[in-house]
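> Below is the sequence, then the predicted model.
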Amino acid sequence: MIPIIEFCVSNMHHGTDAVMKKLEENPEYDVIEYGCLGNCGECYVLPYAIVNGEIVTAATADELYTAIIASIEEWKKQFDFDFDID
């Protein structure tokens, strides 16, 4: 099982497109872009993504990348997965 990271195209104005592209480079992640994820309040205010079904937000796109990696690390610990995270 690999982490699933979902992005909303409407959130790209926060710079999440760069985060998405960086994560797409790692074949151990399943990165998906949607036209809308139905979290319009979050989407308008902050950079966000959904990681394995959980909303992850941050003040900036760079911080979002760090928060996504931290979320994946925590998820990995829960299930004792053995794969490297960049």
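Thanks, I have the structure now. This structure is a prediction, so every number in the text was calculated from the model and none was measured.
> now the helices: where do they sit in the chain?
For the chain, helices defined by DSSP state H occupy the ranges 16-24, 40-45, 61-79.
> I'd like the ones you listed laid out as a markdown table, including distance to Glu33.
Glycine gets a C-beta too; all of them are placed from N, C-alpha and C. Listed next are these as a markdown table, based on distance: least, C-beta to C-beta, whole Å:
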| stretch | distance to Glu33 |
| --- | --- |
| helix 16-24 | 6 |
| helix 40-45 | 13 |
| helix 61-79 | 14 |
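> buried residues in stretch 10-22?
Buried residues in stretch 10-22, counted by 16 or more other C-beta atoms under 10 Å: Ser10, Asn11, Met12, His14, Thr16, Val19, Met20.
> Mind putting those residues into a markdown table with distance to Glu63 and pLDDT?
Putting the buried residues of stretch 10-22 into a markdown table (distance: C-beta to C-beta, whole Å; pLDDT from 0 to 100) gives the following:
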| residue | distance to Glu63 | pLDDT |
| --- | --- | --- |
| Ser10 | 19 | 94 |
| Asn11 | 14 | 95 |
| Met12 | 16 | 95 |
| His14 | 11 | 96 |
| Thr16 | 11 | 96 |
| Val19 | 10 | 97 |
| Met20 | 15 | 97 |
